[in-house]
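K.L.:
just need the structure, nothing else, for what follows:
(one chain, ligands or ions: 2)
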Amino acid sequence: MSNILEIKSLNVHFRGNKGIFVAVDDISFEIKKKEKLAIVGESGSGKSVTAMAIMGLLFSNRKAIISGQVIYSGKNIFELSKKELQTLRKSDLSMIFQDPVMSLNPVFTIGQQLVEAYIMSKKQSKKQANDNAVKQLEKVGILDAKNVMHLYPHQLSGGMCQRVMIAIALASNPQLLIADEATTALDVTIQAQILKLLDDLHHREHNSLMFITHDLIVAKLFTDRIIVMNEGRMVESGRSIDVYDNPLHPYTKLLIQAVPTLGKRKRLHSIPKELDSSFDRKQGCQFYERCNFRQSKCLNERPSLRLIDKEHAVACHFCEEIKDGSSNY
Ligand SMILES: Nc1ncnc2c1ncn2[C@@H]1O[C@H](COP(=O)(O)OP(=O)(O)OP(=O)(O)O)[C@@H](O)[C@H]1O
Ligand SMILES: [Mg+2]
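P.N.:
Ligands and ions are numbered 1, 2, ... in the order given. Purely as a prediction, here's the structure:
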């Protein structure tokens, strides 16, 4: 399968009062045509910043320092003009944002925003765009779609706004849809509906999907491949079933242990953060302080992502020993 998007050595740093903060730390991956790729990781691991960088949405942020390449259709998105980037976002690349209330424009009605999306991307007449907008709202589970068209974002619940955002993102039938926690704010039934909607779209349009989620079970069941991020770095990637059933990185193992069983969320194993004064994040493994299996090599040498089995790669010096249980930790 060929690639729809290639991310090469992406770095995103933010300038802050206390110096430079590394949000995304030298990550490279590709999204294949028709693929459903999940990005998972705890809060703050850099998932949204990665997505925003891919969409070219961080250039307006003066605090952000971005390097690397994002190649789409043979072109580096980072080298496109503002206008070219906008065109791309209206047609080929679309994103459902994590915070729907913030991303909808408060001064326009839902209908105006959705109709505009159809007119811009599909060059439809106002009447066609209006009909399609109502249909799309119904498809994302909004029953009284005709009424909702006349409402403003603040008049809707968070979950409703999220569904409106999904409808807007789908208006252009994008080649690549990035869904950032698209279903998190929704109740389970609606969540299942939205996942089905995204799945149907995927089958119908053969588009690619980058699905950002905290929910490893959804990632396992819904996507083809999982990338696990920890503190801005990629720590594991592989076929979803392999990553879930046979996690190799100690961090992925922790995430899977934290998946709720029988409705109860097990607490994430908390590993005491002994602050090690000799620890230099740039040199060593970023997971060092939380890792049960750490050794001196982890302190001094940053593990790179290496292929262990077919498509299954991991950034851990000792994953074989941890896996086999043959080590004396
Ligand atoms: N505009 C910004 N300025 C400064 N720091 C930022 C900015 N945006 C994000 N960050 C920081 O970058 C890190 C990664 O943030 P990001 O939003 O990508 O996390 P995330 O993995 O999406 O988390 P969540 O699951 O909570 O959405 C966080 O520590 C965050 O505070
Ligand atoms: Mg996020």
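K.L.:
quick one: Ala53 is in a strand?
P.N.:
No: applying DSSP: H, G, I helix; E, B strand; the rest coil, one finds Ala53 to be helix, outside a strand.
K.L.:
residue ranges for the helices of the stretch 1-150 of the chain, please.
P.N.:
If DSSP state H, counting those that start in this stretch is used as the criterion, the helices of the stretch 1-150 of the chain fall at 47-54, 82-91, 100-103, 110-122, 126-139, 145-148.
K.L.:
to ligand 2, which of those helices lies closest?
P.N.:
Ligand 2 lies closest to helix 47-54 among the helices of the stretch 1-150 of the chain, at 3.1 Å (CB to the ion). For glycine as for every other residue, the C-beta is placed from the backbone atoms N, C-alpha and C.
K.L.:
report all helices and strands that that closest one contacts.
P.N.:
With contacts taken as 3 or more CB pairs under 8 Å, 6 or more residues apart in numbering; DSSP states H and E, helix 47-54 sits against strand 3-16, strand 19-32, strand 36-40, strand 64-72, strand 176-180, strand 208-213.
K.L.:
thinking again about what came up before, compare the helices of the stretch 1-150 of the chain and give me the one nearest Ser304.
P.N.:
Ser304 lies closest, by CB to CB, to one member of the helices of the stretch 1-150 of the chain: helix 47-54, at 18.2 Å.
K.L.:
same list, the helices and strands packed on helix 47-54, but as TSV with distance to Gly56 please.
P.N.:
Listed next are these as TSV, based on distance: least, CB to CB, whole Å:
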stretch	distance to Gly56
strand 3-16	12
strand 19-32	14
strand 36-40	18
strand 64-72	8
strand 176-180	12
strand 208-213	15
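K.L.:
so can I have a markdown table of those strands showing mean neighbour count and distance to ligand 1?
P.N.:
Output for these, formatted as a markdown table (neighbours: other CB atoms under 10 Å; distance: least, CB to the nearest ligand atom, whole Å):
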| stretch | mean neighbour count | distance to ligand 1 |
| --- | --- | --- |
| strand 3-16 | 17 | 4 |
| strand 19-32 | 17 | 3 |
| strand 36-40 | 26 | 8 |
| strand 64-72 | 17 | 7 |
| strand 176-180 | 24 | 7 |
| strand 208-213 | 24 | 7 |
